[in-house]
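[1] quick one, structure for this:
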Amino acid sequence: MAALAPSSQDRWLDLNDVLRELVTEGYLSQDDTETALSQRRSAVNIQLHPLEFLASQQFDDLKRPGKKLDLETLTASLAQA
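    Residues are numbered from 1 along each chain as shown. Below you'll find the predicted structure:
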């Protein structure tokens, strides 16, 4: 089996980039984005992975009315990007 060449797009996830993409894709409101950025400054929250942090915030999933943005949805949206 041939070794896979690393993708030039591999990089650490940045909360700002993830939030921007979630707003662009219609998963998250701008108000929730601002809330997330202010909550992220907490010493406890800064230690979480960006997707875990967002899932813990229990924001409404604008693409699935009545549902919350959970880790599974966030991971799937990242995989499609």
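[2] for residue 11, give me phi and psi.
    Note on residue 11: backbone dihedrals following degrees, to the nearest 10 are phi -160, psi 170.
[3] same thing with residue 56?
    With angles defined as degrees, to the nearest 10, residue 56 sits at phi -70, psi -20.
[4] so where is this protein shaky, pLDDT-wise?
    Along the chain, the model assigns pLDDT under 70 to residues 1-9, 43.
[5] so which residues of it form helices?
    15-24, 30-40, 50-56, 71-80 (DSSP state H).
[6] in TSV, list the ones you listed along with distance to residue 62 and mean neighbour count.
    Placement of C-beta: from N, CA and C, glycine included. Output for the helices of the chain, formatted as TSV (distance: least, CB to CB, whole Å; neighbours: other CB atoms under 10 Å):
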stretch	distance to residue 62	mean neighbour count
helix 15-24	9	16
helix 30-40	9	14
helix 50-56	13	19
helix 71-80	11	13
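[7] cool, thanks, signing off.
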